[in-house]
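Asker: Build me a model:
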Amino acid sequence: MYSDPNYAVRREYCSPPTTAGATTEGAKFRSFQKMKLKKVHAAVIVAGTATTHGYNVFNGTTSIGTIALSTSGTNVTASSGLLDSEVAALGQVSVKSLADATGTAQIVYEYEVQHDAVQS
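Answerer: Sure thing, here's the model as predicted:
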């Protein structure tokens, strides 16, 4: 298992841009394989107009992290802390915007496939 070349390869999924709106869920992602969500990254597309621009990161319905963007301009990036969150096969990860109603971002999920995961 540890000698497998894919053991610690980080994978990524880049979501479609989030939509504007306070406390709006978006950037939903599922994998058919069990995975470990390592970090979540955000790149600003439309700047927020309040210091409350940012995202809560969810594994299913559980909040596991936050990304703060504040009033950062277009193309500014920020990341969650290290999450190391186990996600079940076909489990959903997503983000939910904080209180800012204007800002949008591109969300990138950084994850590892777990080796006991189902393969087709």
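Asker: going forward, measure contacts between C-alpha atoms and count neighbours the same way
Answerer: Fine.
Asker: center of this structure - which residue?
Answerer: Val40 (3.8 Å; CA atoms, centre = their mean).
Asker: Tell me the bridge partners for that residue.
Answerer: Here Val40 sits in beta bridges with Tyr109, going by DSSP bridges.
Asker: pretty sure it is touching Ala105, no?
Answerer: No - contact between Val40 and Ala105 fails when scored by CA atoms under 8 Å: they sit 11.9 Å apart.
Asker: ranges for the strands of the protein?
Answerer: Ranges of strands in the chain, per DSSP state E, are 11-14, 25-30, 35-46, 54-59, 62-68, 77-79, 85-87, 92-97, 104-113.
Asker: how far out from the middle of the chain is the fourth one?
Answerer: Right, the one you point to is strand 54-59. 7 Å (CA atoms, centre = their mean, to the nearest Å).
Asker: Strand partners (parallel or antiparallel) of it?
Answerer: Here strand 54-59 has these sheet partners by DSSP bridges: strand 62-68 (antiparallel), strand 92-97 (antiparallel).
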